[in-house]
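> Coordinates for the following, if possible.
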Amino acid sequence: MAYFLFTLIGCCFLFANPLIAILFFILSLQPLFRLMERRGQPFSHKAYLLLCLVFIGTGLFSISMLGMVYIGMGILHIFFAINTWLSYQQMKIDQREDNEE
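Numbers count the residues shown, from 1 in each chain. Next comes the predicted model:
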């Protein structure tokens, strides 16, 4: 549901403010990763690391822009980067436990 919400908001902002639209499109990737993880078909470990780096980069870029909307988006991107990093760490732990059995 969140995936479609972020994508829809990104489409609405596409012609008014393309930068915010791109930030929303990037935000829509995290719920997609969580959905695939819950289905039992997670993306590779490298994809999680790449997504985490993208969130950190766009978060720092957004915070450096002027305006409350950009700062709020930057904080949300940093929060999603932390969430993605924790998911990556949990995947590594689960994989290690599966290899021990």
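
> Give me the most central residue, the protein.
Among the residues of the chain, the smallest C-alpha distance to the mean C-alpha position (C-alpha atoms, centre = their mean) belongs to Q30, namely 3.5 Å.

> Going by neighbour count, which residues of the helix or strand harbouring it are buried?
Assignment of secondary structure by DSSP states H and E places Q30 within helix 29-39. Buried residues in helix 29-39, defined by neighbour count with 16 or more other C-beta atoms under 10 Å: 29-31, 33-34. Every residue, glycine included, has its C-beta placed from N, CA and C.

> Could you do stretch 89-101 as well?
Applying a neighbour-count criterion of 16+ other C-beta under 10 Å, the buried positions in stretch 89-101 are M91.

> That stretch: how far from the chain's middle?
Computed by C-alpha atoms, centre = their mean, to the nearest Å, the separation of stretch 89-101 from the middle of its chain amounts to 23 Å.

> For it, what does the pLDDT average out to?
The predicted model gives stretch 89-101 an average pLDDT of 87.

> From the rest of the structure, what touches it?
Contacts of stretch 89-101 from elsewhere in the structure, counted by C-beta atoms under 8 Å, 6 or more residues apart in numbering, are 37, 42, 45, 48.
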